[in-house]
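Asker: Task: produce atomic coordinates for the following.
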Amino acid sequence: MTEGILLCSHPQCLSEFPIIDGIPIIVSDLRNYISQNILPLLERHDLTATMESLLGDCFGPGSAFDSQRQHLSTYAFDHYADLDPEETATPPSIPGSVARLLKQGLQSLTGKKSGPVIDIGCAVGRSSFELAQEFDDLVLGVDINFSMLKVAASIMETGQITYPKRRVGITYDRREFSLPADKKRTDKLDFWVCDATALPLASESFSLAVSLNLLDCVTSPYDHLKELARVLSSKSCGIIATPYDWSANATPVGSWLGGHSQRSPYQGASEAILRSLLAGGDHPNALAELALISEQEIPWSLRLHDRSHMQYQVQMTMVQKYVST
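Answerer: Numbering: from 1, shown residues only. Okay, here's the model as predicted:
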């Protein structure tokens with residue numbers, strides 16, 4: 001286990017930020033974050049699959065332990081199960097949607113710029129690993145979910161993928177297999193806990209910013225877009241993909257980009273509101289720094305358990321940091 005404390009050297013700050021399991025936690029309200037993440041922060045790594053199963057039965061459905069396992073099952077399956085030599089998934093539960101989504105976005109880039117790459121909302125990390133194979137510079141994966149980042153960081157450190165795959169109810173199978181050799185370029189890859197709406201990073205630091213299926217999961221989509229624009233260097237591109245699956249549990253309704261107020265000029269259409277927020281759009285708070293390059297619709301699926309999955313149609317929007325003349 002790698003741990004430490006980062007200290008802000010500014011005399012008016014001097015804040016401390018922990019590094020736990022090799023993951024820096026750099027958020028503005030650290031006390032609140034730590035208090036809300038006691039389970040993943042203190043989670044043990046040495047329990048057998050049998051013991052985890054017994055604990056799952058004891059905690060029961062709807063518990064924090066069960067919710068965490070469900071999320072890890074869904075996201076880790078999609079991110080890595082296509083690399084599992086023993087995986088026998090059949091349609092419609094075909095893993096690898098996030099990798100295919102990223103590949104489509106990278107193919108739409110007009111050209112690669114040199115410089116660091118940021119993967120905002122990287123979850124359990126597959127997109128970050130793929131970016132590390134594509135680019136020669138630093139790739140930084142950031143997310144607010146510590147338990148998911150812990151999976152990503154463990155894979156980076158050990159080259160082994162381990163996750164609970166949900167069969168049904170609170171019944172899980174532990175999946176364990178190695179990361180293929182062609183995915184193991186991790187010398188310039190790192191994972192941090194950060195808030196996508198307030199990134200603790202210098203302006204114009206990144207040559208590419210990726211935001212896959214995140215816009216509808218943050219407290220303020222507008223602030224996320226502002227931050228994405230801020231950290232991009234001049235003429236650099238951003239890949240934004242979202243199914244606009246709005247939930248009041250993640251985003252206050254007043255901050256949704258569409259999905260409500262169908263009596264408005266845009267009739268609640270999320271796609272139209274995102275366009276209006278980009279350079280040249282008619283939104284009063286349009287982001288003059290981000291110009292729309294292209295849009296496309298891409299399918300994305302998530303497996304919940306053996307007999308259930310969710311199918312989305314994701315809008316991928318390519319943007320570029322605008323340089324005024």
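
Asker: Every contact and neighbour count from this point should use C-alpha atoms.
Answerer: Will do.

Asker: which one's the longest helix in the protein?
Answerer: In terms of residue count, the longest helix belonging to the chain (DSSP state H) is helix 64-80.

Asker: Any buried residues in that helix, and which?
Answerer: By 16 or more other C-alpha atoms under 10 Å, the buried positions in helix 64-80 come out as 65-66, 69-80.

Asker: again, but for stretch 76-95
Answerer: Buried residues in stretch 76-95, counted by 16+ other C-alpha under 10 Å: Ala76, Phe77, Asp78, His79, Tyr80, Ala81, Asp82, Leu83, Asp84, Ser93, Ile94, Pro95.

Asker: quick one: contacts of it?
Answerer: The list of residues contacting stretch 76-95 from outside it, by C-alpha atoms under 8 Å, 6 or more residues apart in numbering, reads 96-99, 124-127, 161, 163, 165, 177-180, 301-303, 309.

Asker: List only those of those residues flagged as buried.
Answerer: 96-99, 124-127, 161, 163, 165, 177, 179, 301-303.

Asker: closest to Asp282 among those residues?
Answerer: Asp282 lies nearest to Val98 out of the buried ones among the contacts of stretch 76-95, by C-alpha to C-alpha, at 31.7 Å.

Asker: so what pLDDT did that closest one get?
Answerer: pLDDT for Val98: 96.

Asker: nearest residue to it other than its sequence neighbours?
Answerer: Once flanking residues are discounted, Val98 sits nearest to His79: 6.3 Å by C-alpha to C-alpha, 6 or more residues apart in numbering.

Asker: And the pLDDT at that neighbour?
Answerer: Per-residue confidence at His79 stands at 97 (pLDDT).

Asker: again, but for Val323
Answerer: 66.

Asker: Equivalent analysis for Asp173, please.
Answerer: Looking at Asp173, its pLDDT is 96.

Asker: For the helix or strand bottoming out on mean pLDDT in the chain, list every residue counted as buried.
Answerer: Lowest mean confidence among the helices and strands of the chain (mean pLDDT, DSSP states H and E): helix 38-42, at a mean of 92. Counting neighbours by 16+ other C-alpha under 10 Å, one finds that the buried residues in helix 38-42 are Pro40.

Asker: Inside strands: which ones of the contacts of stretch 76-95?
Answerer: In strands, judged by DSSP state E, the following of the contacts of stretch 76-95 are found: Ile161, Tyr163, Lys165, Phe177, Ser178, Ser301, Leu302, Arg303, His309.

Asker: could these go into JSON lines alongside pLDDT and distance to Gln315?
Answerer: Shown next, in JSON lines, are those (pLDDT from 0 to 100; distance: C-alpha to C-alpha, whole Å):
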{"residue": "Ile161", "pLDDT": "97", "distance to Gln315": "29"}
{"residue": "Tyr163", "pLDDT": "97", "distance to Gln315": "29"}
{"residue": "Lys165", "pLDDT": "97", "distance to Gln315": "28"}
{"residue": "Phe177", "pLDDT": "97", "distance to Gln315": "32"}
{"residue": "Ser178", "pLDDT": "95", "distance to Gln315": "32"}
{"residue": "Ser301", "pLDDT": "92", "distance to Gln315": "13"}
{"residue": "Leu302", "pLDDT": "94", "distance to Gln315": "16"}
{"residue": "Arg303", "pLDDT": "96", "distance to Gln315": "20"}
{"residue": "His309", "pLDDT": "94", "distance to Gln315": "19"}
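
Asker: If anything else comes up later, I'll come back, but that's it for now.
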